[in-house]
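1. Sequence first, predicted coordinates after that:
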Amino acid sequence: MKWIFCLCLAVLCCANLEAKTKKAVYIIIDGVPADQVERVQPPTIYEIASQGKYERAYTGGEVGGYSETPTISAIGYTNLLTATWYNKHNVGGNENLKPNYNYWTIFRIAKEQKKDYKTGLYSSWIDNRTVLIGEGKPETNGLKIDYVKDGYDLDTVAYPHDKECYYVYNVDERVSKEAAESIRKDAPDISWVYLWYTDDAGHFYGNGAYFDEYLLKADNQVKRVWDAVKYREANFDEEWMVVVTTDHGRVESGYGHGGQSRRERTTWISTNVPVNEHFCAGQLSITDIAPSICRYVGFEVPRDIRWEQDGMPFIGKVDIYDLQTMPYDKTVTLSWKHYTSSVSVPVNVYVACSNNFKTGGKDEWIKLGTVTAGTGTYQVDLSKLPSSKFYKFVVESPNNHLNRWVK
C-alpha cells in the first residue's frame, strides 16, 4: 500500500508540473550590435542566457535576394512581429508606415485563439501598437491589446524633447518600471517590452564609453522585467519564456545603420529556455522569435499564416533547414538540409502559382510529392503546373516548414 501511495503521489506531482501555465515576454533593446553585447557582457542578459542560451542571429533578409530588408528599427520590429521579411510585411522604414496586415503579428495570432489569451505592450514608441500591430483596425479584426503602457513619447510636458533625445531614456525608465509592475500583477500570456534609447546613444555618440554605459543601463531596465518574471514563477503556477534581442546592428563607427554590412545585419538573442539545434547552427534570425514563442505558449497558427512565416522555432523538435531553389529551363530544383535525427522523416513538397495571400485572398496549394528529409532535393517540372511567372514553394516536415519564392 505504501508503494502504491508513493507511486500515486509521484504521478500527481508530474501532472502538476505539466499543468504549469506557459507565458512569454520578449524585450527589444534598440540598435545594439552583437559584438558590443559580447564585449560589455551585460549581467542580466547573460544571467537570462545562463538558464538557456545566448547566440548571434541576423536580420536584413537575404542579401541580393527577394527578401533583402533594410536594417532599420520599425522594419526590425515587424520582422519579429510577423516572422516575415519586408517583401511580405511591407514596412520599409520608420515613417509613412503601411504594414500589410494580411501577415499576422504574434499578437493577432494570440487573439485569434479559441482560448482568451491576454496580451501586454510596454513601449517607448506608440506606433508599435497603433500602426505596426494595428490595434483596433478592421484589417486586424479589431485587435485589442489588454495591458498597455505607451504614448509617453508624445507627452512633451512630462518629457520635454531635447536635441540629443535624452528624454527617451527617461521614457524607457518609466516603461520598464510599469512593464515590471504589470507583469507582477497582470501577468499577460504574451508581452512585448520595447526600450529605445540605446539606438539614440549610438546615433549621437557612436562606439564608445557613452554607448556602453547606456547598454548597461538598458540591461538594468531588463532586470526589472526579469525580476518580475522570477517573482511570477516563484509565487504562481507559471513557467515563462523570456527573449531579449535587438532589431539591427550598426555600421563600423556605431553611428548609423540601415544597410547590409555584416555588423548592421548581425543581431543576437538571449533566452532562458532550452533551445534546439537550429539556435546554434549559424542561421538563427529575428524571424525565428515569433514561431518559437507560439510553440512555447501553445498557439495554433492557421496553415496559410504559418506557411508565409519565414522563421522557424528555435525550441522543440525541428527537422529541416536552409531551403534553396535553382531554376533551370522549365524546372526548379529545391534543396534543403536536415538534422541528423531527422534523416528518415517524411517531407511534403507544395507549390502555389499565385500570391493572392498578399492582397487578402487564398492561394491554391498543390501537393507535388513526398520524400524523406535525408533525400535533400526535389525537382519540380514547371510545365506540369499552371502557367505563371511566380511560384511559392513550401517544404514541410512533421516538426517545421520552410518556404521560398521563385520569381
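-> Alright, I've got the coordinates.
2. Please, where are all the helices along the stretch 201-350 of the chain?
-> Assigned helices in the stretch 201-350 of the chain, in chain order: 209-235, 262-265, 289-297, 303-306 (criterion: DSSP state H, counting those that start in this stretch).
3. Packed most tightly, which of the ones you listed would that be?
-> Between these, the one whose residues have the most neighbours on average, counting mean count of other C-beta atoms under 10 Å, is helix 289-297 (a mean of 24). The way it works is simple: take the backbone N, C-alpha and C, and place the C-beta from them, glycine included.
4. Now that helix - C-alpha only, PDB.
-> Output of helix 289-297 as PDB, limited to C-alpha atoms (Å, rounded to 0.1, in the frame of the first residue of the first chain):
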ATOM      1  CA  ILE A 289      11.400  34.500 -32.400                       C
ATOM      2  CA  ALA A 290       7.600  34.600 -33.000                       C
ATOM      3  CA  PRO A 291       7.400  31.000 -34.100                       C
ATOM      4  CA  SER A 292       9.300  30.000 -31.000                       C
ATOM      5  CA  ILE A 293       7.000  31.900 -28.700                       C
ATOM      6  CA  CYS A 294       4.000  30.400 -30.500                       C
ATOM      7  CA  ARG A 295       5.300  26.900 -29.900                       C
ATOM      8  CA  TYR A 296       6.200  27.600 -26.300                       C
ATOM      9  CA  VAL A 297       2.800  29.100 -25.300                       C
END
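5. And it, what does it pack against?
-> With contacts defined as 3 or more C-beta pairs under 8 Å, 6 or more residues apart in numbering; DSSP states H and E, the secondary structure elements packing on helix 289-297 are strand 21-29, helix 73-82, helix 106-111, strand 238-245.
6. So for the last one, what gets flagged as buried?
-> Going by neighbour count (16 or more other C-beta atoms under 10 Å), the buried part of strand 238-245 is 239-245.
7. which one of those residues sits closest to Lys53?
-> Distance ranking of these against Lys53, using C-beta to C-beta, places Val243 first at 10.9 Å.
8. related to what we said a few turns ago, compile the buried residues of strand 238-245 into TSV and extend it with columns for pLDDT and distance to Cys280.
-> Rendered in TSV, the data for the buried residues of strand 238-245 read as follows (pLDDT from 0 to 100; distance: C-beta to C-beta, whole Å):
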residue	pLDDT	distance to Cys280
Glu239	98	22
Trp240	98	22
Met241	99	18
Val242	99	18
Val243	99	16
Val244	99	17
Thr245	99	16
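9. ok, which stretches of the chain are strands?
-> Along the chain, counting by DSSP state E, strands occupy 21-29, 53-58, 119-123, 147-149, 190-195, 238-245, 266-271, 320-328, 331-338, 346-352, 365-372, 377-381, 391-396, 401-406.
10. Let me know which of the ones you listed is tucked in deepest.
-> That would be strand 190-195, which, of the strands of the chain, has the most neighbours on average (mean count of other C-beta under 10 Å), namely a mean of 28.
11. quick one: that one to helix 289-297, angle?
-> Taking axes from the mean of the first three to the mean of the last three C-alpha atoms, to 10 degrees, strand 190-195 and helix 289-297 form an angle of 140 degrees between their directions.
12. other SSEs contacting strand 190-195?
-> Looks like strand 190-195 contacts strand 21-29, helix 106-111, strand 119-123, helix 167-185, helix 209-235 (3+ C-beta pairs under 8 Å, 6+ apart).
13. Pull the number of nearby residues for Gln41.
-> Neighbour count for Gln41, taken as other C-beta atoms under 10 Å: 11.
14. Next: Asn141.
-> Asn141 has 13 neighbouring residues, counting by other C-beta under 10 Å.
15. From what I see, it and Thr105 are in contact.
-> No. Applying C-beta atoms under 8 Å as the test, Asn141 and Thr105 come out as separate, 11.5 Å apart.
16. Tell me the pLDDT of the nearest residue to Pro33 once chain neighbours are set aside.
-> What sits nearest to Pro33 in space, not counting adjacent residues and going by C-beta to C-beta, 6 or more residues apart in numbering, is Gly249, at 4.1 Å. Among the per-residue scores, Gly249 holds a pLDDT of 98.
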